[in-house]
Every structure is written in structure tokens, then in C-alpha cells.
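**Q** below are the sequence and a predicted model for it; my questions follow.
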Amino acid sequence: MENWLDPQEVGNIIRAARRKAGLTQETLSGLAGINRTHLSAIENGKRLPTLEILFRLCSALKVNICDMIEEMKKYFTI
């Protein structure tokens, strides 16, 4: 199945939000309840987060998920 979102750009957006929040991957992954290697794979564009994981990440980052999705929409292609 083809990705309609660029995994690298999604990862860049999440990494930027994490850095802006002043969190390490270890801290963010703990707050979001995911493995640090999973977060690393997302940030490095190797995996796209599921909707549930995206909700968890946004909650841990104290970022509105709608704002995060709006940013990601810039890289949405069909």
C-alpha cells in the first residue's frame, strides 16, 4: 500500500515538536507509552504513527492534534 503522507516529513514534524517541548526521545516515549525505538523509527521516517500513537504523542507534547494534522496535510499526496 502506498503512503499518502511522506513518512520523513511526518517524522520531522514530530521531532520538531519534541525538541520545541524540550523533551528527549526517552522522555516523550515514556509519556506517550511507546517504546523509544518506535519513536525513533517514526522520527526517522521509517514508520508512520497510527492515529492512536499520534493522539498519545500530541497529548504528551501538549500539542493540539488538529494543529499537528494541519501541519502534516502539507505533505499529503494522492
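**A** Perfect, thanks for sending it. Every value quoted in this text rests on a predicted model; they were computed, and no experiment measured them.
**Q** any stretches of this structure with poor pLDDT?
**A** Counting by pLDDT under 70, the chain contains low-confidence ranges at 1-3, 78.
**Q** for the residue nearest the centre of the chain, what is the enclosing helix or strand?
**A** Among the residues of the chain, the one closest to the centroid is residue 14, at 3.8 Å (CA atoms, centre = their mean). In this structure, residue 14 sits in helix 7-20 according to DSSP states H and E.
**Q** so which elements touch that helix?
**A** The contact analysis (3 or more CB pairs under 8 Å, 6 or more residues apart in numbering; DSSP states H and E) places helix 7-20 against helix 36-43, helix 51-61, helix 65-73. In short, each C-beta sits where N, CA and C put it, glycine included.
**Q** what does the shortest one rub up against?
**A** In this structure, residues lying in contact with helix 36-43 by CB atoms under 8 Å, 6 or more residues apart in numbering are 10-12, 14-15, 18, 25-26, 28-30, 32, 47-49, 53, 57.
**Q** just the CA coordinates for that helix, please, in PDB.
**A** The C-alpha trace of helix 36-43 is given here as PDB (Å, rounded to 0.1, in the frame of the first residue of the first chain):
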ATOM      1  CA  ARG A  36      11.800   4.700  22.400                       C
ATOM      2  CA  THR A  37      12.900   2.700  19.300                       C
ATOM      3  CA  HIS A  38       9.300   3.000  17.900                       C
ATOM      4  CA  LEU A  39       9.500   6.800  18.400                       C
ATOM      5  CA  SER A  40      12.900   6.900  16.800                       C
ATOM      6  CA  ALA A  41      11.600   5.000  13.800                       C
ATOM      7  CA  ILE A  42       8.700   7.500  13.400                       C
ATOM      8  CA  GLU A  43      11.100  10.500  13.700                       C
END
